[in-house]
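> Mind folding the following:
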Amino acid sequence: MTVLNNAHYLALIGKALLMTLFISGFVVAASNLAALLVSVYMLDPKARLRPLVIAWSFFARAAPVLAILFVLYYGLPRLGIYLEPLTSALIGLTFSSAAYNYEFLRAGFAGIHPGQIEAAKALGLRPGQALLKVLIPQAYATAAPSLFSNAVQIVKGSSLASLVAIDELSAASTTIIADAYKAIEVLLTVSALYALIAAVVTGMQYLYERRLRWR
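Here you go, the predicted model:
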């Protein structure tokens, strides 16, 4: 009997797939939102927290995600702070991914010609309107390929959640392999699921870029 014909194994994979989708979706959304808020804040020349943002961006991109997860889940309890496994995974992955998305958006905003802002003022747009209608759309148009690529990395990086006791796809594959001794079949199945999710994200990127070209 193959793994795919076993109802118990299929149930494990299905449940793990939902967890992977939840973690990936949450981290993609949260990291993009955090990156956008920080990017907009850093547009202010008088931003007082600029050194702190720069330090966070450097540390979050330099530190291994695994180390961040271990500190959150295994290190904080030494200080009397206890986080649930899922909470630790979501915070750690978002903390790291948001820094990459921030750098992509920062480059997007930096690439906008100053004349665009002057043109927005000439049209009578208020600062908030200029930000929403002029700056943010252009920044995302520039940063889109990098942001979507990072989304794919987030999907694959969600496998690290298994190291803090989260039953996602990687953890499920380990459990099934230990029970069924069919490593190749299980790994190929899990890899196909990851590839399918990545294909959906890539398809969304294609649609987004196609819409930009149409506009």
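
> what's around residue 52, how many residues?
Residue 52: 10 surrounding residues under other CB atoms under 10 Å. Bear in mind the C-beta positions are built from the backbone N, C-alpha and C, glycine included.

> Kindly apply the preceding question to residue 154 instead.
Residue 154, neighbours per other CB under 10 Å, totals 24.

> hang on, it packs against residue 24?
Yes. Residue 154 lies in contact with residue 24 (CB atoms under 8 Å); the separation is 5.6 Å.

> Tell me which helix or strand residue 108 sits in.
helix 85-110 (DSSP states H and E).

> Mind listing what's buried along that helix?
For helix 85-110, the neighbour count (16 or more other CB atoms under 10 Å) marks 85-86, 88-106, 108-109 as buried.

> Same check on stretch 180-187?
Applying a neighbour-count criterion of 16+ other CB under 10 Å, one finds 180, 182, 185-186 buried in stretch 180-187.

> now do stretch 195-212
Using 16+ other CB under 10 Å as the burial criterion, the residues of stretch 195-212 that qualify are 197, 201, 205, 208.

> Where is pLDDT lowest across those?
Lowest pLDDT of those: residue 208, 88.

> Just give me the longest helix of this structure.
helix 7-42 (DSSP state H).

> Let me know the average pLDDT across that one.
93.

> So which elements touch it?
When contacts are defined as 3 or more CB pairs under 8 Å, 6 or more residues apart in numbering; DSSP states H and E, helix 7-42 packs onto helix 50-62, helix 85-110, helix 136-157, helix 169-180, helix 183-214.

> what packs against the last one?
Okay, so that is helix 183-214. Under the contact criterion of 3+ CB pairs under 8 Å, 6+ apart, helix 183-214 touches helix 7-42, helix 136-157, helix 169-180.
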